[in-house]
Every structure is written in C-alpha cells, then in structure tokens.
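Engineer: Got a predicted model here, sequence first, then my questions.
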Amino acid sequence: MADKRTVVTVNDVGPRDGLQNQPRVLGPAERVRLVRALLEAGVRHVEVGAFVSPKAVPAMAGADEVLRGLADQGGATLTVLIPNFKGYELATEAGARSVCMVLYGSEGMAQANAHMSRVQAEEATIRILQQARADGVRVTATIAVAFECPFDGVVPPERVRDMATRFLDLGADDVCVADTIGAANPVQVRALTEQLAGDNGPERLACHFHDTRAMAMANVYAAVESGIRKFDASIGGLGGCPFAPGASGNVATEDVVMMLEQMGFATGIDLDALMRAAELARELTGTAPGGRASAWLRRHLEQAQPAGA
C-alpha cells in the first residue's frame, strides 16, 4: 500500500559540514564508507564533500575520490559544496551533478569564510547558476548566518528575504536558510520561514540548524509548522564551522528523523539502520556526540527486535 504521508526530505550534511572541523581527519575511503551507511539507511540526499582548498580545510581533501567511490549511487542526490567558479569546474569534472554555493547574510562572515564581500559571493553564485543551467547541474544556494553573525551581530530578516527571492528567481533549485552558529530561536525561525514561504512558496526552501544553544530541534519544528519540508541534519550530531566561532554540531539526523516520523511525516529513512550509521560516525571520528535521543532510540530499537533476532 502506498505511503500517503507528507514527505519531508532530510539532507545529511555529516560527511561535509560534520567532518570539516573534527580533530581526526578521515580519508576519502572512510568518508565513502560513512556515506554508504547513510544511503543504506534510506537517506537519499547527502552532502558528500567540498571542493575547497585542502590547506584551508584538510578534512575535505580528496573530494574527487569520494565522488568516484560513489559513482554507482545514481539514485541518490550527492551534493558537494563549492566556494567559487573554480570549485564548480573541479566538482563537475569529478562528476558532481548537484552543488551547494554559499551566500552570506553578513559582510563579516563573507570575509572570514570566503575572503570576499557579500556582493562578490553573490556575483560568483550568479555565474555558477548560469553555467549550471547549461550543464544540467542542480544548485542549492545556502544563506549562511541567516539569523545572526558572530562578527556583525543580528542579521536583518528583510535582507534574507530579499536574497532568497532574488536567487530563487535567478534559478536556484533550492534556497537553504542556515543558522550557522546556532543562535536562532523558534519565534525567529517561525517568523522568517513563514515570510519566506509566503514570498516564494515553501517547495524550494530548506533549513539548516546548529544546536549551539540547544534549540535546533525546536527550530526544526517551528520551520515544519511554517510549511518547510526540506532540512539539513548531520549524522551523530557532528558539526561545527572552522570559520564561525561558537558554532557547535548540527542538529542530529537521527533526532530529526525520529521526530518527523513520530509527527506523522514520511522521511523514507530506516531509524535502525540510521543508528548503525551514527555508531559508524562515532567509531570513525571518536567525537560524534550522537543525537539527544540516541540512548532512548537504542533501547527502543533493541526492545523492538523480535526474540532471537
């Protein structure tokens, strides 16, 4: 019987955002192993790496090898982050068919993260959108520090609304609103996402939350209530940005999936297999904290196993 529940897409960013700031750098083969564990759990959208300078972010070295190691996964959307047009060229040469480009809600974050101005980042994204349209490559435009910047303070919601509408109109497949340092609260999230959904419809909007102030799950719920149906999350709660002081881990994929499924949404993800992926993340990194519900989930899933299984 067909599942008639409303679908919510969960994009696991652990292999990129989750790993970029860990003490232990994983090699390409280990990152491929982690991605495959996520795919086996039913995660169909994964951010698998970044075509950035390995000197700046050593954990992302060998992104081309990761893509080659996943070349047989044609049914999944495997996205890579790119900082500029050169990154786009390298990514597409390596076989990428989905890329993420970062825009900035503040000047301070643009300079710290990309060594360019907000305007320059927007110009680079426009050029990439034009080329991607010709190449048939999918583009997500992520607005970093959409709520608050560690350097410039609170970001005006009107700026984020203008950016989102502009880049959707320019052809971005999705615009993702990112609480990069985990500073947002559910009231702010509900207000902004309702405005964005009212401006553009919710279908091409996504959200990305960090759990720095322990409000990431509440923020996911607030966005769901606004009609958002696409969320970034990170297996095992891995995360943190090397260029954003104070940014702790992303909201854990296992927590988000558990909540959405219990709320009656369909994610297509097997929680039991997802918990195995979380255990692998912890084994590989030694630091993955696990979701807030991990202990309960382990007990619940063990109790649900048939006798002798």
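Structural biologist: Sure thing, it's come through.
Engineer: When you work out contacts or count neighbours from here on, use the C-alpha atoms and nothing else.
Structural biologist: OK.
Engineer: Which residues are in contact with Gly240?
Structural biologist: Contacts for Gly240 (Cα atoms under 8 Å, 6 or more residues apart in numbering) come out as Asp17, Gly18, Gln20, Asn21, His210, Ala247, Ser248, Gly249, Asn250.
Engineer: And for Asp211?
Structural biologist: Per Cα under 8 Å, 6+ apart, neighbours of Asp211: Gly182, Met217, Ser248, Gly249, Asn250, Val251.
Engineer: Out of those residues, which is nearest to Gly227?
Structural biologist: Met217 (15.5 Å; Cα to Cα).
Engineer: I'd like to know how many residues surround that closest one.
Structural biologist: Residue neighbour count, defined by other Cα atoms under 10 Å, stands at 19 for Met217.
Engineer: Equivalent analysis for the one 3 residues further on, please.
Structural biologist: Under the neighbour criterion other Cα under 10 Å, Val220 is assigned a count of 27.
Engineer: For the stretch 151-300 of the chain, just list every one of the helices.
Structural biologist: Here the stretch 151-300 of the chain has its helices, by DSSP state H, counting those that start in this stretch, at 157-169, 186-200, 216-225, 253-262, 271-285, 294-304.
Engineer: wait, doesn't Arg138 sit right on Ala132?
Structural biologist: Yes: if you go by Cα atoms under 8 Å, Arg138 and Ala132 touch, sitting 6.8 Å apart.
Engineer: dump the residue contacts of the residue lying closest to Leu280 once chain neighbours are set aside.
Structural biologist: Among residues not flanking Leu280 along the chain, Leu34 sits closest, at 7.0 Å (Cα to Cα, 6 or more residues apart in numbering). By Cα under 8 Å, 6+ apart, the contact set of Leu34 is Pro15, Ala277, Leu280, Ala281.
Engineer: what's the answer for Gly27, then?
Structural biologist: Applying Cα under 8 Å, 6+ apart, the residues near Gly27 are Ala59, Ala61, Gly62.
Engineer: which residues does Asp3 contact?
Structural biologist: Contacts of Asp3 by Cα under 8 Å, 6+ apart are Ala266.
Engineer: same check, this time on the one 10 residues further on
Structural biologist: Contacts for Val13 (Cα under 8 Å, 6+ apart) come out as Val46, Glu47, Val48, Asp232, Ala233, Ser234, Ile235.
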